[in-house]
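> predicted model and sequence follow; I will ask about them next.
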Amino acid sequence: MSARLHACVDGPSGAPALVLGSSLGTSGAMWLPQLPALTRRYRVIRYDHLGHGDSDVPAGPYTIAELGRAVLGLLDDLDLPRVSYAGLSLGGMVGMWLAANAPERIDRLVLLCTSAWLGPAAGWRDRAAATRTGGMETVADAVLGRWFTPDFAVRRPELVAAYRSMLTATPPEGYAGCCEAIAAMDLRDDLARIAAPTLVLAGADDPAVPVEHARLLADRIPGAGLGIIDGAAHLASVEQPDRVGRLILAHLAAAAPDPAGADSVTAAAAGPGDGAADAGRGRRGGREERGGRKERGGREERVDG
(Lines give C-alpha, C1' and ligand atoms only; values in the text may rest on other atoms or scores of the structure.)
Protein backbone atom coordinates (compact mmCIF):
# COMPACT_ATOMS: atom_id res chain seq x y z
CA MET A 1 0.00 0.00 0.00
CA SER A 2 1.35 3.42 -0.96
CA ALA A 3 -0.49 6.32 0.64
CA ARG A 4 0.19 9.90 1.71
CA LEU A 5 0.02 10.98 5.33
CA HIS A 6 -0.93 14.50 6.28
CA ALA A 7 1.21 16.08 9.00
CA CYS A 8 1.63 19.41 10.77
CA VAL A 9 5.18 20.44 11.71
CA ASP A 10 5.79 22.97 14.49
CA GLY A 11 8.75 24.12 16.55
CA PRO A 12 12.37 25.17 15.96
CA SER A 13 13.78 23.81 12.71
CA GLY A 14 17.07 22.76 14.33
CA ALA A 15 15.54 21.06 17.37
CA PRO A 16 15.35 17.27 17.86
CA ALA A 17 12.32 15.78 16.12
CA LEU A 18 9.35 14.38 18.04
CA VAL A 19 6.59 12.54 16.18
CA LEU A 20 3.13 12.31 17.78
CA GLY A 21 0.68 9.55 16.86
CA SER A 22 -2.96 9.99 17.77
CA SER A 23 -5.72 7.58 18.74
CA LEU A 24 -8.21 5.73 16.58
CA GLY A 25 -10.87 8.22 15.50
CA THR A 26 -8.87 11.42 16.09
CA SER A 27 -6.42 13.52 14.10
CA GLY A 28 -3.14 15.19 14.98
CA ALA A 29 -5.23 18.00 16.50
CA MET A 30 -5.56 15.72 19.53
CA TRP A 31 -2.08 16.92 20.59
CA LEU A 32 -2.82 20.65 20.51
CA PRO A 33 -2.92 20.93 24.34
CA GLN A 34 0.72 19.74 24.59
CA LEU A 35 2.02 21.70 21.61
CA PRO A 36 3.17 24.92 23.38
CA ALA A 37 5.27 23.01 25.90
CA LEU A 38 6.68 20.43 23.48
CA THR A 39 7.71 22.97 20.86
CA ARG A 40 9.97 24.75 23.35
CA ARG A 41 12.40 21.85 22.95
CA TYR A 42 11.34 19.86 19.90
CA ARG A 43 10.42 20.02 16.27
CA VAL A 44 7.00 18.40 16.61
CA ILE A 45 5.39 16.39 13.80
CA ARG A 46 1.70 15.61 14.35
CA TYR A 47 0.46 13.21 11.69
CA ASP A 48 -2.94 11.75 10.80
CA HIS A 49 -3.13 7.96 10.48
CA LEU A 50 -4.14 6.40 7.19
CA GLY A 51 -7.85 6.97 6.71
CA HIS A 52 -7.93 9.76 9.29
CA GLY A 53 -7.92 13.55 9.16
CA ASP A 54 -6.44 14.78 5.89
CA SER A 55 -4.41 11.65 5.12
CA ASP A 56 -5.29 9.39 2.21
CA VAL A 57 -8.13 6.92 2.70
CA PRO A 58 -7.24 3.69 0.88
CA ALA A 59 -9.70 0.82 0.98
CA GLY A 60 -9.27 -1.38 4.04
CA PRO A 61 -8.47 -3.55 5.78
CA TYR A 62 -5.16 -2.08 6.94
CA THR A 63 -2.44 -3.63 9.08
CA ILE A 64 -0.32 -2.10 11.81
CA ALA A 65 2.71 -2.75 9.60
CA GLU A 66 1.11 -0.73 6.78
CA LEU A 67 0.36 2.13 9.18
CA GLY A 68 3.97 2.00 10.40
CA ARG A 69 5.46 1.92 6.91
CA ALA A 70 3.37 4.98 6.03
CA VAL A 71 5.01 6.81 8.96
CA LEU A 72 8.46 5.74 7.74
CA GLY A 73 7.57 7.18 4.34
CA LEU A 74 6.58 10.45 6.00
CA LEU A 75 9.90 10.57 7.89
CA ASP A 76 11.75 9.98 4.63
CA ASP A 77 9.79 12.78 2.95
CA LEU A 78 10.68 15.11 5.84
CA ASP A 79 14.35 13.97 5.77
CA LEU A 80 14.20 12.80 9.39
CA PRO A 81 16.49 9.79 9.83
CA ARG A 82 15.89 9.43 13.58
CA VAL A 83 13.11 10.76 15.81
CA SER A 84 11.55 10.34 19.21
CA TYR A 85 7.97 9.10 19.11
CA ALA A 86 4.97 9.40 21.44
CA GLY A 87 1.70 7.70 20.57
CA LEU A 88 -1.64 7.17 22.25
CA SER A 89 -3.83 4.12 21.61
CA LEU A 90 -3.49 3.32 17.87
CA GLY A 91 -0.59 5.78 17.78
CA GLY A 92 1.16 3.72 20.45
CA MET A 93 0.59 0.51 18.51
CA VAL A 94 2.28 2.08 15.50
CA GLY A 95 5.07 3.31 17.79
CA MET A 96 5.74 -0.22 19.06
CA TRP A 97 5.89 -1.55 15.51
CA LEU A 98 8.31 1.21 14.49
CA ALA A 99 10.59 0.70 17.49
CA ALA A 100 10.72 -3.08 16.96
CA ASN A 101 11.00 -3.12 13.16
CA ALA A 102 12.91 0.09 12.40
CA PRO A 103 14.96 0.57 15.59
CA GLU A 104 17.48 2.83 13.86
CA ARG A 105 14.70 5.40 13.33
CA ILE A 106 13.39 5.66 16.93
CA ASP A 107 15.46 7.40 19.60
CA ARG A 108 13.06 7.42 22.58
CA LEU A 109 9.52 6.13 22.89
CA VAL A 110 6.42 7.07 24.92
CA LEU A 111 3.42 4.72 24.82
CA LEU A 112 0.13 6.04 26.18
CA CYS A 113 -3.09 4.11 26.83
CA THR A 114 -2.16 1.40 24.37
CA SER A 115 -1.71 -2.34 24.03
CA ALA A 116 0.31 -4.90 22.10
CA TRP A 117 -2.79 -7.09 21.70
CA LEU A 118 -6.35 -5.89 22.16
CA GLY A 119 -8.76 -8.72 21.55
CA PRO A 120 -11.19 -10.11 20.90
CA ALA A 121 -10.71 -9.62 17.18
CA ALA A 122 -14.39 -10.24 16.45
CA GLY A 123 -15.37 -7.08 18.33
CA TRP A 124 -13.12 -4.95 16.15
CA ARG A 125 -14.39 -6.57 12.97
CA ASP A 126 -17.97 -6.02 14.09
CA ARG A 127 -17.19 -2.36 14.74
CA ALA A 128 -15.62 -2.05 11.29
CA ALA A 129 -18.69 -3.58 9.68
CA ALA A 130 -21.04 -1.33 11.63
CA THR A 131 -19.07 1.75 10.63
CA ARG A 132 -19.06 0.85 6.95
CA THR A 133 -22.80 0.16 7.02
CA GLY A 134 -24.08 3.00 9.18
CA GLY A 135 -21.31 5.59 9.31
CA MET A 136 -19.49 7.05 12.28
CA GLU A 137 -22.64 7.98 14.17
CA THR A 138 -23.29 4.29 14.84
CA VAL A 139 -20.24 4.06 17.12
CA ALA A 140 -19.80 7.65 18.31
CA ASP A 141 -21.61 7.53 21.64
CA ALA A 142 -20.06 4.23 22.73
CA VAL A 143 -16.57 5.46 21.82
CA LEU A 144 -17.02 8.79 23.63
CA GLY A 145 -18.07 6.89 26.74
CA ARG A 146 -14.65 5.26 26.88
CA TRP A 147 -12.60 8.33 26.02
CA PHE A 148 -13.37 10.44 29.12
CA THR A 149 -14.24 9.86 32.75
CA PRO A 150 -17.85 10.68 33.70
CA ASP A 151 -16.70 13.54 35.92
CA PHE A 152 -14.74 15.14 33.08
CA ALA A 153 -17.68 14.75 30.70
CA VAL A 154 -19.88 16.65 33.16
CA ARG A 155 -17.29 19.39 33.76
CA ARG A 156 -16.21 19.87 30.15
CA PRO A 157 -19.18 19.09 27.88
CA GLU A 158 -17.97 21.52 25.22
CA LEU A 159 -14.64 19.72 24.92
CA VAL A 160 -16.32 16.32 24.76
CA ALA A 161 -18.58 17.68 22.02
CA ALA A 162 -15.54 18.91 20.09
CA TYR A 163 -13.97 15.48 20.21
CA ARG A 164 -17.24 13.90 19.15
CA SER A 165 -17.12 16.14 16.09
CA MET A 166 -13.55 15.03 15.41
CA LEU A 167 -14.59 11.39 15.69
CA THR A 168 -17.63 11.70 13.41
CA ALA A 169 -15.56 13.60 10.83
CA THR A 170 -13.29 10.55 10.45
CA PRO A 171 -13.90 8.79 7.11
CA PRO A 172 -15.84 5.58 7.86
CA GLU A 173 -13.63 3.47 5.57
CA GLY A 174 -10.48 4.76 7.25
CA TYR A 175 -11.87 4.10 10.72
CA ALA A 176 -13.01 0.62 9.70
CA GLY A 177 -9.66 -0.18 8.11
CA CYS A 178 -7.85 0.77 11.30
CA CYS A 179 -10.27 -1.29 13.41
CA GLU A 180 -9.31 -4.25 11.24
CA ALA A 181 -5.63 -3.46 11.78
CA ILE A 182 -6.19 -3.69 15.55
CA ALA A 183 -8.17 -6.91 15.12
CA ALA A 184 -5.21 -8.55 13.35
CA MET A 185 -2.51 -7.07 15.61
CA ASP A 186 -0.35 -9.07 17.99
CA LEU A 187 2.88 -7.26 18.89
CA ARG A 188 3.56 -9.15 22.11
CA ASP A 189 6.51 -11.09 20.70
CA ASP A 190 8.00 -7.87 19.30
CA LEU A 191 8.27 -6.09 22.64
CA ALA A 192 11.57 -7.66 23.68
CA ARG A 193 13.16 -6.23 20.50
CA ILE A 194 12.40 -2.62 21.43
CA ALA A 195 15.73 -0.98 22.27
CA ALA A 196 14.59 2.65 22.53
CA PRO A 197 14.27 3.92 26.12
CA THR A 198 10.53 3.63 26.73
CA LEU A 199 7.98 5.17 29.06
CA VAL A 200 4.56 3.51 29.29
CA LEU A 201 1.64 5.60 30.56
CA ALA A 202 -1.85 4.37 31.43
CA GLY A 203 -5.06 6.10 32.42
CA ALA A 204 -6.11 4.74 35.81
CA ASP A 205 -9.77 4.83 34.71
CA ASP A 206 -9.33 3.72 31.09
CA PRO A 207 -12.06 1.19 30.18
CA ALA A 208 -10.79 0.79 26.61
CA VAL A 209 -7.24 -0.28 27.51
CA PRO A 210 -7.06 -1.21 31.20
CA VAL A 211 -3.89 -0.71 33.22
CA GLU A 212 -3.00 -4.41 32.95
CA HIS A 213 -2.12 -3.86 29.29
CA ALA A 214 0.37 -1.14 30.24
CA ARG A 215 1.93 -3.37 32.88
CA LEU A 216 2.51 -6.07 30.28
CA LEU A 217 4.27 -3.54 28.02
CA ALA A 218 6.45 -2.31 30.87
CA ASP A 219 7.31 -5.88 31.86
CA ARG A 220 8.29 -7.00 28.37
CA ILE A 221 10.01 -3.91 26.95
CA PRO A 222 13.58 -3.91 28.33
CA GLY A 223 14.08 -1.19 30.92
CA ALA A 224 10.69 0.44 30.38
CA GLY A 225 9.14 2.69 33.03
CA LEU A 226 5.44 2.76 33.89
CA GLY A 227 3.30 5.71 34.98
CA ILE A 228 -0.37 5.45 35.96
CA ILE A 229 -2.28 8.70 35.55
CA ASP A 230 -5.12 9.15 38.02
CA GLY A 231 -8.23 10.99 36.87
CA ALA A 232 -7.90 9.91 33.26
CA ALA A 233 -9.75 7.52 30.98
CA HIS A 234 -8.61 6.62 27.44
CA LEU A 235 -7.72 10.06 26.07
CA ALA A 236 -5.43 10.81 29.00
CA SER A 237 -3.55 13.46 27.05
CA VAL A 238 -6.78 15.45 26.69
CA GLU A 239 -8.14 14.87 30.18
CA GLN A 240 -4.81 15.50 31.96
CA PRO A 241 -2.86 17.59 29.42
CA ASP A 242 -0.37 19.23 31.78
CA ARG A 243 0.63 16.01 33.49
CA VAL A 244 1.02 14.11 30.23
CA GLY A 245 3.06 16.92 28.73
CA ARG A 246 5.39 17.01 31.73
CA LEU A 247 5.86 13.25 31.71
CA ILE A 248 6.69 13.21 28.00
CA LEU A 249 9.19 16.04 28.43
CA ALA A 250 10.80 14.42 31.45
CA HIS A 251 11.32 11.16 29.57
CA LEU A 252 12.70 12.83 26.46
CA ALA A 253 14.90 15.28 28.35
CA ALA A 254 17.44 12.58 29.19
CA ALA A 255 18.36 12.47 25.52
CA ALA A 256 18.03 16.04 24.32
CA PRO A 257 19.25 19.38 25.71
CA ASP A 258 16.94 22.37 25.80
CA PRO A 259 17.73 24.54 22.74
CA ALA A 260 17.06 27.61 24.88
CA GLY A 261 19.48 26.42 27.56
CA ALA A 262 16.83 25.84 30.23
CA ASP A 263 17.13 22.78 32.42
CA SER A 264 13.55 22.67 33.66
CA VAL A 265 10.81 20.52 32.20
CA THR A 266 7.99 22.05 34.22
CA ALA A 267 6.83 24.51 31.55
CA ALA A 268 3.05 24.18 31.60
CA ALA A 269 1.33 22.67 28.62
CA ALA A 270 -1.79 24.35 27.30
CA GLY A 271 -4.87 23.82 29.43
CA PRO A 272 -7.58 21.41 28.38
CA GLY A 273 -9.57 24.19 26.77
CA ASP A 274 -6.74 25.31 24.50
CA GLY A 275 -7.36 24.05 21.03
CA ALA A 276 -10.84 22.78 21.91
CA ALA A 277 -12.44 24.85 19.20
CA ASP A 278 -9.93 23.37 16.76
CA ALA A 279 -10.59 19.78 17.79
CA GLY A 280 -13.42 19.28 15.35
CA ARG A 281 -12.04 21.43 12.56
CA GLY A 282 -8.31 20.86 13.15
CA ARG A 283 -7.84 18.72 10.05
CA ARG A 284 -5.37 21.28 8.70
CA GLY A 285 -4.15 22.78 10.41
CA GLY A 286 13.20 20.25 36.60
CA ARG A 287 10.59 17.62 36.60
CA GLU A 288 7.59 17.62 38.87
CA GLU A 289 6.23 14.58 40.69
CA ARG A 290 3.06 14.61 42.78
CA GLY A 291 1.67 12.11 45.22
CA GLY A 292 1.72 8.34 45.18
CA ARG A 293 4.65 6.04 44.84
CA LYS A 294 7.64 6.41 42.60
CA GLU A 295 9.98 3.58 41.78
CA ARG A 296 12.86 4.07 39.36
CA GLY A 297 14.49 1.07 37.79
CA GLY A 298 11.60 -1.23 38.54
CA ARG A 299 9.63 1.05 37.77
CA GLU A 300 6.06 1.98 38.43
CA GLU A 301 5.09 5.54 39.20
CA ARG A 302 1.71 6.75 40.36
CA VAL A 303 0.90 10.19 39.01
CA ASP A 304 -1.85 11.48 41.27
CA GLY A 305 -3.68 14.72 41.33
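In hand now; what should we look at?
> just the helices in the stretch 151-300 of the chain please.
Along the stretch 151-300 of the chain, counting by DSSP state H, counting those that start in this stretch, helices occupy 157-168, 172-184, 211-220, 236-239, 241-253, 276-281.
> now for the third one, which elements pack on it?
Looking back up the chat, that one is helix 211-220. The contact analysis (3 or more CB pairs under 8 Å, 6 or more residues apart in numbering; DSSP states H and E) places helix 211-220 against strand 198-203, strand 225-229. C-beta here means a position set from N, CA and C on the backbone, and glycine is covered the same way.
> between the ones you listed, which one is closest to Val211.
Proximity to Val211 (CB to CB) singles out strand 198-203 among the helices and strands packed on helix 211-220, at 4.6 Å.
> ok, back up a step: what's the closest of the helices of the stretch 151-300 of the chain to Leu24?
Of the helices of the stretch 151-300 of the chain, nearest to Leu24 by CB to CB is helix 172-184, at 5.5 Å.
> and the closest one, what does it pack against?
helix 64-77, helix 90-101, helix 121-134.
> tell me the average confidence for the first one?
Which is helix 64-77. Helix 64-77 shows a mean pLDDT of 97.
> contact partners of that helix?
By CB atoms under 8 Å, 6 or more residues apart in numbering, the residues outside helix 64-77 that reach it are 1-3, 5, 7, 19, 21, 45, 47, 49-50, 55, 81, 83, 90, 93-94, 97-98, 101-102, 105, 178, 181-182, 184-185, 187.
> same deal with the second one?
Here helix 90-101 makes contact (CB under 8 Å, 6+ apart) with 20-24, 49, 64-65, 67-68, 71-72, 85-87, 105-106, 109-116, 178, 181-182, 185, 187, 190-191, 193-196, 198, 217.
> now, of those residues, which are buried?
Buried members of these, counted by 16 or more other CB atoms under 10 Å: 20-24, 49, 64, 67-68, 71, 85-87, 105-106, 109-116, 178, 181-182, 185, 187, 190-191, 194, 196, 198, 217.
> picking that back up, wait, which of the helices and strands packed on helix 172-184 is closest to Ile221?
Closest to Ile221 of the helices and strands packed on helix 172-184 is helix 90-101 (CB to CB; 8.3 Å).
> now that closest one, how far from the centre of its chain.
Chain-centre distance of helix 90-101: 10 Å, with CA atoms, centre = their mean, to the nearest Å.
> and for the next helix or strand along the chain from it, what's in contact with it?
Next in sequence after helix 90-101, counting helices and strands by DSSP states H and E, comes strand 106-112. Contacts of strand 106-112 with the rest of the structure, by CB under 8 Å, 6+ apart, involve 16, 82-89, 91-92, 95-96, 98-99, 194, 196-202, 214, 217, 236-237, 244, 247-248, 251-252, 254-255.
> ditto for stretch 133-145
By CB under 8 Å, 6+ apart, the list of residues contacting stretch 133-145 from outside reads 25, 127, 130-131, 153, 160, 163-164, 167-170, 172, 175, 207.
> and the gap between Thr39 and Met93?
25 Å (CB to CB, to the nearest Å).
> of these two, who's got more company?
Shown here are Thr39 and Met93; by other CB atoms under 10 Å, Met93 has more neighbours (28 against 15).
> and the pLDDT at the more buried one?
Looking at Met93, its pLDDT is 98.
> between the helices of the stretch 151-300 of the chain, which gets nearest to Ile228?
With CB to CB as the yardstick, what comes closest out of the helices of the stretch 151-300 of the chain is helix 211-220 (6.0 Å).
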